[in-house]
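*Asks:* sequence unavailable; structure follows:
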């Protein structure tokens, strides 16, 4: 029974309580790094780890954290976790750490992380906080991957660096028929518009989400 | 009823305790992992230098270094000489590849003579002159290893960056950009040092013209591209006199 009840903690953020499309958190990183699918996936995994572990740490400390400085405490926990992850990757998975380097700062500033610490982990037990962290990070990751997919496909004609639409310079594949890459897709405004379209589709399918 | 955790004393003690605990944990991790991290960086430098002179495991469209377990042996096999140019002097120094370019640039700014490392590689009887350079991109540092022949014609480059934008400036380390430099001449028609400009609208997207001192820029990455141009110009010009001397002898 308990497991069934708690499963909503994971499924809710994936759909009707998505941190990006419903709560509109974590927008900055969603716009900044989704020009490539690979970067979206890497960022999603990094946030999944930091939010999962961070939520547990904050939840375990929730009864001893002084309320006056709780935001600072949360920030220190995120920063410390991110630095540890970065160091371990640099020592044992150097190539991966190079791909990640640019995201480290972005993870710390991701408002979803602070938001979940503040709204959930400070009031709930470790296991439930863990599920909540995983759920929200997954909800974040799904949107990132969708946006990254369309931006890379329409902007560069590639997916994960593989040329799926042919070669734009040699004019093969779709380019032979006059197709052109839309460079605008690579810039941040198109990320926002893509995100807007996702929000539009989601709300038009579920009227309960529309606010007056 | 006020909670125990609300008092000022508790708050302060908690803050102090937290800083000590977190600081200790991070310091422990940093010093414990430092040897591994330094070793990774050292091998990476060797991989980068070898990559520039065309020793890599590239397949179609990808960048693949020689694997870390083989790199030390390959490095000593192909890199026949390491030099340091300091003012007018040229000294052989076997660990020139460990010279910190950033520190040397600071020294130059302070008015001191900087050390310019230069690596001589030999592959299939041909000599490659490989130079490390460092500059500024949009967000943070960019750097490169540039392999040339004795006429300052580029034989290969490896570009890297610390924090350029993924999908835009970060693409300087992609094959389509790096390979454009191969065959480009750093000297102009009058045989003076000119550098290579990362140019928009040079009407040469396939990069067929190798003597125009230009390669095609990446759309949306203007400042990173300008950074590459400036880096090549300012850093390689310091080596130009070495190549002039080389020709005289």
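*Replies:* Ah, there it is. Values in this document were obtained by computation on a predicted structure and should not be read as measured data.

*Asks:* tell me which parts of chain B are close to chain A?
*Replies:* Taking Cβ under 8 Å from any Cβ of the partner chain as the criterion, chain B approaches chain A at residues B:3, B:5-6, B:10-11, B:14-15, B:18-19, B:22, B:25-26, B:29-30, B:33, B:36-37, B:40, B:44, B:61-62, B:162-168, B:170, B:205-206, B:219-220. Using the backbone N, CA and C atoms, a C-beta is placed for each residue, glycine as well.

*Asks:* so where's the chain uncertain?
*Replies:* Reading this off chain A. Under the criterion pLDDT under 70, the flagged ranges of chain A are A:1-5, A:99-100, A:102, A:169, A:210-212.

*Asks:* not quite, I wanted chain B
*Replies:* By pLDDT under 70, the weakly predicted segments of chain B are B:1-3.

*Asks:* and the helices in it?
*Replies:* Under the criterion DSSP state H, chain B contains helices at B:8-52, B:68-78, B:101-109, B:175-178, B:222-237, B:240-248.

*Asks:* out of those helices, which one sits most buried?
*Replies:* Looking across the helices of chain B with neighbours counted as mean count of other Cβ atoms under 10 Å in any protein chain shown, the highest average goes to helix B:222-237: a mean of 20.

*Asks:* let me know the angle separating it from helix B:240-248.
*Replies:* Orientation of helix B:222-237 against helix B:240-248 (axes from the mean of the first three to the mean of the last three Cα atoms, to 10 degrees) gives an angle of 50 degrees.

*Asks:* would you mind getting the angle between helix B:222-237 and helix B:101-109?
*Replies:* Using the same axes, to 10 degrees: helix B:222-237 against helix B:101-109 is 70 degrees.

*Asks:* now do helix B:222-237: distance to the chain's middle.
*Replies:* Between the mean C-alpha point of helix B:222-237 and the mean C-alpha point of its chain there is a distance of 12 Å (Cα atoms, centre = their mean, to the nearest Å).

*Asks:* buried residues in the helix or strand harbouring residue A:98?
*Replies:* Mapping residue A:98 onto the secondary structure by DSSP states H and E places it in helix A:94-109. When burial is assessed from 16 or more other Cβ atoms under 10 Å in any protein chain shown, helix A:94-109 yields the following buried residues: A:94, A:97-98, A:100-104, A:106-108.

*Asks:* show the contacting residues for residue 151.
*Replies:* Since no chain was named, I'll use chain A. Counting by Cβ atoms under 8 Å, 6 or more residues apart in numbering or on different chains, residue A:151 touches A:34-36, A:185-186, A:190-191, A:194, B:167.

*Asks:* chain B is the one I meant
*Replies:* Under the criterion of Cβ under 8 Å, 6+ apart, the contact partners of residue B:151 comprise B:185, B:187, B:243.

*Asks:* what about residue A:116, which helix or strand?
*Replies:* In this assignment (DSSP H and E), residue A:116 forms part of helix A:111-116.

*Asks:* tell me the helix or strand right after that helix.
*Replies:* Note on helix A:111-116: by DSSP H and E, the next helix or strand toward the C-terminus is helix A:126-156.

*Asks:* hang on, the earlier thing: got the helices of chain B as JSON lines, with distance to residue A:64 columns?
*Replies:* As requested, these are exported to JSON lines (distance: least, Cβ to Cβ, whole Å):
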{"stretch": "helix B:8-52", "distance to residue A:64": "7"}
{"stretch": "helix B:68-78", "distance to residue A:64": "44"}
{"stretch": "helix B:101-109", "distance to residue A:64": "43"}
{"stretch": "helix B:175-178", "distance to residue A:64": "52"}
{"stretch": "helix B:222-237", "distance to residue A:64": "46"}
{"stretch": "helix B:240-248", "distance to residue A:64": "64"}
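
*Asks:* quick one: closest of the ones you listed to residue A:19.
*Replies:* Counting by Cβ to Cβ, residue A:19 lies closest to helix B:8-52 out of those; the figure is 26.5 Å.

*Asks:* tilt between the closest one and helix B:68-78?
*Replies:* 50 degrees.

*Asks:* packing partners for helix B:8-52?
*Replies:* When contacts are defined as 3 or more Cβ pairs under 8 Å, 6 or more residues apart in numbering or on different chains; DSSP states H and E, helix B:8-52 packs onto helix A:70-92, helix B:68-78, strand B:115-123, strand B:126-136, strand B:141-148, strand B:154-161.

*Asks:* which residues sit against the fourth one?
*Replies:* Right, strand B:126-136. Counting contacts by Cβ under 8 Å, 6+ apart, the residues outside strand B:126-136 that touch it are B:49, B:52-54, B:79, B:97, B:101-102, B:105, B:116-122, B:141-150, B:155-156, B:227-228, B:230-232, B:234-236, B:239, B:243.

*Asks:* now do 7 Å
*Replies:* B:49, B:52-53, B:101-102, B:105, B:117-121, B:141-148, B:150, B:155, B:227, B:230-232, B:235-236, B:239 (Cβ atoms under 7 Å, 6 or more residues apart in numbering or on different chains).

*Asks:* neighbouring strands for it, and are they parallel or not?
*Replies:* Paired with strand B:126-136 in the same sheet, following DSSP bridges, are strand B:115-123 (antiparallel), strand B:141-148 (antiparallel).

*Asks:* can you list the ones you listed in a markdown table and add mean neighbour count?
*Replies:* Output for the strands paired with strand B:126-136, formatted as a markdown table (neighbours: other Cβ atoms under 10 Å in any protein chain shown):
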| stretch | mean neighbour count |
| --- | --- |
| strand B:115-123 | 19 |
| strand B:141-148 | 23 |
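
*Asks:* format the ones you listed as TSV; extra columns: distance to residue A:52.
*Replies:* As requested, these are exported to TSV (distance: least, Cβ to Cβ, whole Å):
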stretch	distance to residue A:52
strand B:115-123	44
strand B:141-148	32
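
*Asks:* nearest to residue B:214, of the ones you listed?
*Replies:* Between residue B:214 and the strands paired with strand B:126-136, the shortest gap by Cβ to Cβ is with strand B:141-148, which sits at 15.9 Å.

*Asks:* please compute how far that closest one lies from its chain's middle.
*Replies:* Strand B:141-148 sits 4 Å away from the centroid of its parent chain (Cα atoms, centre = their mean).

*Asks:* who's in contact with residue B:202?
*Replies:* Contacts for residue B:202 (Cβ under 7 Å, 6+ apart) come out as B:212, B:214, B:216.

*Asks:* and the residues you listed, which of them are in strands?
*Replies:* Secondary-structure check on those using DSSP state E: residues within strands are B:214, B:216.
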